[in-house]
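Chemist: Give me a 3D structure for the following:
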Amino acid sequence: MFLVVLLLSIPSYGTFSIVAMDPLTSEWGVAVASRVLDVGHVVPWLKAEVGAVATQALTNPYFGPWALGALSEGKSADEALKIILEKDTLPLDRQVGIVDRNGKSAAHTGKSTQNWAGDRTAPYVSIQGNILTGQEVVDSMFATFQNTKGPLAERLLSALEAGEAAGGDRRGKQSAVLYVVRKRGGYLGADERMVELKVVDNPEPVKELRRQYELWQFAFLAPSYLRLSKEEPDNEDIFIKRSHALLIKALESDLENPGVYNSLAWQFALLQKYPEETLKAARKAHELAPEDPNIMDTYAESYYAAEKYEKAVYWEKEALKREPDNDFFKKQLKKFQEALKE
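Modeler: From the prediction side, this is the model:
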């Protein structure tokens with residue numbers, strides 16, 4: 001009885017969401033937008049190597065843990081959906097989308113959910129929404145996801161933007177979320193949180209989500225792909241391709257963040273691939289922060305990676321002028337000078 005009372009107290013979440021998997025990189029993600037406060041607190045549930053779930057409408061918050069538990073036991077998306085609906089007290093009021101570890105998808109839209117409500121599934125993706133302006137929201141999201149290239153996070157966010165452009169939640173806008181998980185996908189591989197962006201309360205939540213992602217993709221996603229390219233030789237090509245595409249995107253953008261360009265330049269300099277684009281990123285960072293010695297050090301490393309050792313020595317000396325006691329800079333200078341002698 002306690003469970004029934006608790007679930008009846010949960011508000012109705014008019015929401016449009018997309019749950020998906022990228023089979024090339026083994027990523028699972030959820031993107032959601034709604035006219036409620038902090039939709040990301042209730043709707044998305046994800047676990048790397050297991051699957052992803054979106055639970056909405058008259059939201060049953062137990063659907064997430066129940067479904068992930070079933071998926072972790074090897075159940076398919078369809079099987080997990082059947083299990084959680086049978087355990088529920090009000091299945092006709094629920095809406096849920098699931099993508100399992102193999103990319104199989106399943107969705108449920110209860111007959112008592114508020115119009116417009118519906119879903120659409122295909123391999124690797126489930127899209128669902130309720131209290132929408134119409135079916136065009138889900139259809140636009142589906143078409144955009146299928147036709148967008150690049151990282152899963154970009155495809156999810158683009159689909160969310162398409163859903164909003166088609167009408168979205170008919171009550172308005174308030175919050176949005178974009179989550180992507182992947183084994184060792186988090187910062188330095190410490191966890192699985194490859195992308196974790198949430199807008200709790202904003203008059204333009206999807207636009208704010210895009211603004212945040214435009215920084216996140218360069219500062220965190222590209223380095224994650226580069227690191228994974230070294231950790232997983234069998235997937236090296238796809239991870240290098242993804243990170244290089246993000247480097248090009250940054251260089252073609254109007255972003256004015258020296259830290260982002262410096263991070264990209266440093267990562268690619270260590271990789272010793274794409275020297276021309278690496279130098280462009282280092283140069284952009286230096287133009288934006290011309291007196292930063294750490295950026296000068298990155299500039300020097302980028303020249304070293306491009307086998308332009310005289311330039312590397314020059315910029316490392318410039319860094320040391322500003323921090324003459326920096327032991328790392330001294331080691332860098334020695335490395336560059338030795339390369340110049342060879």
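Chemist: Give me the helix or strand of the chain that scores worst on average pLDDT.
Modeler: helix 2-8 (a mean of 38; mean pLDDT, DSSP states H and E).
Chemist: domain assignment for this protein?
Modeler: The chain breaks down into these structural domains: 2-225, 259-341 (assignment by automatic domain parsing).
Chemist: which residues of the protein fall in helices?
Modeler: Assigned by DSSP state H, the chain shows helices spanning 2-8, 63-72, 77-87, 136-147, 152-165, 205-216, 222-231, 236-252, 258-271, 275-288, 293-305, 309-322, 327-341.
Chemist: nearest to Q114, of the ones you listed?
Modeler: Closest approach to Q114 among the helices of the chain is made by helix 136-147 (13.6 Å; Cβ to Cβ). The C-beta positions use only the backbone N, C-alpha and C, and glycine is treated the same way.
Chemist: Which positions within that closest one qualify as buried?
Modeler: V137, V138, D139, S140, M141, F142, T144, F145 (16 or more other Cβ atoms under 10 Å).
Chemist: Stretch 253-262 now?
Modeler: The neighbour-count check on stretch 253-262 (16+ other Cβ under 10 Å) flags L255, N257, P258, G259, V260, Y261, N262 as buried.
Chemist: Could you work out the most separated pair of those?
Modeler: Across those, the two members that end up farthest from each other (Cβ to Cβ) are L255 and N262, 12.2 Å apart.
Chemist: Hmm, V30 and A54 touching each other?
Modeler: Yes - between A54 and V30 there is a contact at 5.4 Å, judged by Cβ atoms under 8 Å.
Chemist: on that earlier part again, any chance of the helices of the chain in TSV, with distance to A176 too?
Modeler: Listed next are those as TSV, based on distance: least, Cβ to Cβ, whole Å:
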stretch	distance to A176
helix 2-8	24
helix 63-72	18
helix 77-87	24
helix 136-147	13
helix 152-165	7
helix 205-216	4
helix 222-231	22
helix 236-252	21
helix 258-271	22
helix 275-288	29
helix 293-305	33
helix 309-322	41
helix 327-341	41
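Chemist: Out of these, the one nearest D191 is which?
Modeler: Counting by Cβ to Cβ, D191 lies closest to helix 222-231 out of these; the figure is 11.2 Å.
Chemist: List the contacts of that closest one.
Modeler: Helix 222-231 is contacted from outside by 151, 182, 184-189, 194, 235-236, 239-240, 242-243, 246-247, 250, 263-264, 267-268, 271, using Cβ atoms under 8 Å, 6 or more residues apart in numbering.
Chemist: Next: stretch 331-340.
Modeler: Residues from elsewhere that reach stretch 331-340 (Cβ under 8 Å, 6+ apart): D297, A300, E301, Y304, Y309, E310, A312, V313, E316, K317, A319, L320.
Chemist: Check the offset of it from the chain's centre.
Modeler: Between the mean C-alpha point of stretch 331-340 and the mean C-alpha point of its chain there is a distance of 38 Å (Cα atoms, centre = their mean, to the nearest Å).
Chemist: For it, buried residues please.
Modeler: Neighbour counts over stretch 331-340 (16+ other Cβ under 10 Å) mark Q332, L333, K335, F336 as buried.
Chemist: Please name the residues that touch S175.
Modeler: For S175, the contacting residues are 33-34, 36-40, 198-202, 205, taking Cβ under 8 Å, 6+ apart as the criterion.
Chemist: Count the neighbours of A33 for me.
Modeler: Neighbourhood size, A33 [other Cβ atoms under 10 Å]: 29.
Chemist: for E342, that is, sorry about that
Modeler: Burial of E342 is recorded as 5 neighbouring residues (other Cβ under 10 Å).
Chemist: any low-confidence regions in the stretch 1-150 of the chain?
Modeler: Residue ranges of the stretch 1-150 of the chain with pLDDT under 70: 1-14.
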